[in-house]
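[1] test case, fold it:
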Amino acid sequence: MSYYDRYRPLPTPGVEHRRIYTVGGGLAALAGAFVAIRDCHVPGENITILEMNQVSGGGIDAAGTAETGYILRGGREMEPGYNCFWDLFADVPAFELGEGYSVLDEFHHIDDIDPNWSNCRLIHEHGQVQDNSSFGLDGEMRGKLVKLFLAREVDVEGVAINQYFSPAFLATDFWFFWRTMFAFHDWESLLEMKRYMHRFLHCFWGFKDMAVVKFCKYNQYDAFIKPLRDALAAKGVRFEYGCNVLDLDLDLSDGHKVVTGIRLERDGVPETIEVAERDLVLVTNGSLTECTGYGSMTTAAPVVTSEHGGCWNLWRSLAAKDASFGRPDVFTPGWEKTSWESFTITAKKSALTDKIAELCGRDPFARTTATGGIITVSDSSWLLSFTVNRQPQFPDQPDDIVVIWGYGLHMNTVGDHVKKTMPEATGEEILAELCFHLGILDELDDIVAASINIPTMLPYITSFFQVRRAGDRPEIVPDGSVNLGFIGEFVETPSDCSFTLDSAIRTGEDAVYTLLGVNKRAPENTDVQYDLRSIISALRALNDGQLPGEELIMKFATGTYYEDLFTAVPPHPALAH
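    I've put the predicted structure just below:
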């Protein structure tokens, strides 16, 4: 992060009269509101968050009680290079530490004394720890990874991962690590995988033991969203819940794009908010948690297919008005392609928590990241993964409760013990399937008595990973836009990938800076992809710890390695250039 990222601009003329409306109250919107106040001198009372639900945070949420069962739809893994995140939360007052401390201080206070690592990343054969000392990549597979890294983005547009990589590659431990850590399906975007390679090149060394991943004290809603929301409310920002934005009134004449009104339903009652040309409207187009279905121990989580939900319908309406607003249908090819199912187990001590302690070598009831990240069941038909992050996950969580989160990436296959697909299974049946793979099925009755498992169906959770081309996602500020910006996971961010806390913040901040005409940008990513040290570290990791020899290092330094690679590896049609 450079000095430029921390620079505070002077107020632009008339900024005190400008209003900002965000459609959606996720992290991108909250970040945009925060920097509008901190960096752009917009009065907090001039900012309105319009949220369809009754809580802020978007996909970063947490709810429930020990008695009814806690719910975590998901969480985002974090690593040291989250420059937007660290910059933002360095100025947000701490959740617990008190006056003079920030959320960033709070995060480091716990992470520095309890750094993360995993003793058990993969299991198989009914709860046996799987040897993961090798990624299982041969020379050709490593070559294809490097070739993808060096390819132009235009050459991998419209290409799926399984169109480029062989079935043998997709069966390696490397791919198990990658797809369960980042939640990629085999049929999703090769372009997005390439962006992830660039963004997380410096993390390759930590894929096996998760030592590169960082965790906060509580769940991410309590640790991050609540203090950010409270800081904004203290500045006068208005949070208006139960507001479903249906459409925007737009003036598209003379090559300009100007929002003149926001059409919404507030608790079911139609309403229009008039918007001046000097005001800003930031739209969250699309949603990864739209149409979530919740189950219980005795019921399956429903799959909602009859509608796309508020954010998606709004995006479709806008895209029909101007081609620069993107192509939302690309990202909704059908829930079977864009979904996975998560589950949250509220557990008292049982054979389940004892087995987790045996696998990870840590007491799940201790205040530590017990599993050190997700444990993946490599021979699970549902491709189950689960984790026990630092406990307690909730501030009000009793000491005798552990919260376990998990998900199934291949949920539409029939289970190995429960002869159903995951969407057909109740919370108790999903718990039974997990216990089968842990080798503790004989203890199921006692485990069920000590557990509440709530399944959560997320039909659009990987919609942003769908195979795409240029123009499918709108620019943060489309060409000719005067007061409209797009934020969230479905906008074009050439220097970043989707589905991270950092990228969400980046979109909200850059939308505000650009539309307000402020000479500032969101903090840049650390350009590890251009650092020879990071490249050699990644190559060493892909080669299972073997240090590349002097000859190879010299080839990288002189560029001749790339020439040899493209000669040695057979070309793929997507990488013909």
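
[2] could you use CA atoms for every contact and neighbour count after this?
    Noted.

[3] what about the strands in the stretch 401-550 of the chain?
    Here the stretch 401-550 of the chain has its strands, by DSSP state E, counting those that start in this stretch, at 402-408, 451-458, 484-487.

[4] where's Leu232, which helix or strand?
    Using DSSP states H and E, Leu232 maps to helix 226-234.

[5] what's that helix packed up against?
    With contacts defined as 3 or more CA pairs under 8 Å, 6 or more residues apart in numbering; DSSP states H and E, helix 226-234 has these neighbours: helix 27-38.

[6] give me the contacts around the helix it packs on.
    Under the criterion CA atoms under 8 Å, 6 or more residues apart in numbering, residues 8, 20, 22-23, 42-44, 47, 49, 57-58, 60, 88, 225, 228-229, 232, 282, 284, 487-488, 501, 504-513 lie in contact with helix 27-38.

[7] mark which of those residues are part of helices, please.
    Members of the contacts of helix 27-38 lying in helices (criterion: DSSP state H): 88, 228-229, 232, 501, 504-513.

[8] and which of those residues is nearest to Tyr196?
    Among the ones in helices among the contacts of helix 27-38, Leu501 lies closest to Tyr196 (CA to CA), at 13.7 Å.

[9] right, and Gly310 touches Cys243 too?
    No - contact criterion CA atoms under 8 Å: Gly310 and Cys243 do not qualify, at 9.8 Å.

[10] the more surrounded of these two?
    Counted by other CA atoms under 10 Å, Gly310 and Cys243 do not tie: Cys243 has more neighbours, with 24 against 20.

[11] now for the more buried one: which residues touch it?
    Leu50, Glu51, Met52, Asn53, Leu264, Glu265, Arg266, Asp267 are the contacts of Cys243 under CA under 8 Å, 6+ apart.

[12] between the ones in helices among the contacts of helix 27-38, which sits nearest Thr413?
    Leu501 (30.3 Å).

[13] for His202, see how far away that closest one is.
    The gap separating Leu501 from His202 is 17 Å, by CA to CA, to the nearest Å.

[14] more neighbours: the two, which one.
    Between Leu501 and His202, His202 has the larger neighbour count (other CA under 10 Å), namely 24 against 20.

[15] which ones are touching the residue found closest to the more buried one once you drop the neighbours it is linked to in the chain?
    Of all residues not flanking His202 in the chain, Ser534 sits nearest, at 5.4 Å (CA to CA, 6 or more residues apart in numbering). Neighbour list for Ser534: Leu201, His202, Val528 [criterion: CA under 8 Å, 6+ apart].

[16] again with Arg179
    His185.

[17] doesn't it lie inside a strand?
    No - Arg179 is assigned helix when assessed by DSSP: H, G, I helix; E, B strand; the rest coil, not a strand.

[18] just the pLDDT at it, thanks.
    Listed pLDDT for Arg179 reads 97.

[19] again with Gly545
    89.

[20] same check on Gly255?
    89.

[21] equivalent analysis for Pro573, please.
    54.

[22] ok, Ile535 next?
    88.

[23] OK, contacts around it?
    Residues near Ile535 by CA under 8 Å, 6+ apart: Leu201, His202, Val528, Gln529.

[24] the first one against Ala538, yeah?
    Yes - taking contact to mean CA under 8 Å, the distance of 6.3 Å between Leu201 and Ala538 places them in contact.

[25] now the strands: where do they sit in the stretch 1-150 of the chain?
    Listed in chain order, the strands of the stretch 1-150 of the chain (DSSP E, counting those that start in this stretch) span 20-23, 47-51, 63-65, 69-71, 122-124, 128-129.

[26] excluding chain neighbours, what is closest to the residue most central in space within the chain?
    Centroid-nearest residue in the chain, with CA atoms, centre = their mean: Phe499, separated by 3.2 Å. Counting by CA to CA, 6+ apart, Phe499 lies nearest to Glu489, which is 6.2 Å off, once chain neighbours are set aside.

[27] surely the one you found touches Ala504?
    Yes - here Glu489 reaches Ala504: they are 6.3 Å apart, a contact under CA under 8 Å.

[28] mutual contacts of the two, please.
    Ser498.

[29] for Lys147, see how far away Trp312 is.
    From Trp312 to Lys147 the distance is 35 Å (CA to CA).

[30] neighbour count winner among these two?
    When Trp312 and Lys147 are compared for neighbours, Trp312 comes out ahead with 22 against 18, by other CA under 10 Å.

[31] which residues touch stretch 213-225?
    Here stretch 213-225 makes contact (CA under 8 Å, 6+ apart) with 27, 56-57, 60-62, 75, 77-80, 95, 103, 107, 110-111, 115-117, 206, 369, 373, 389-395.
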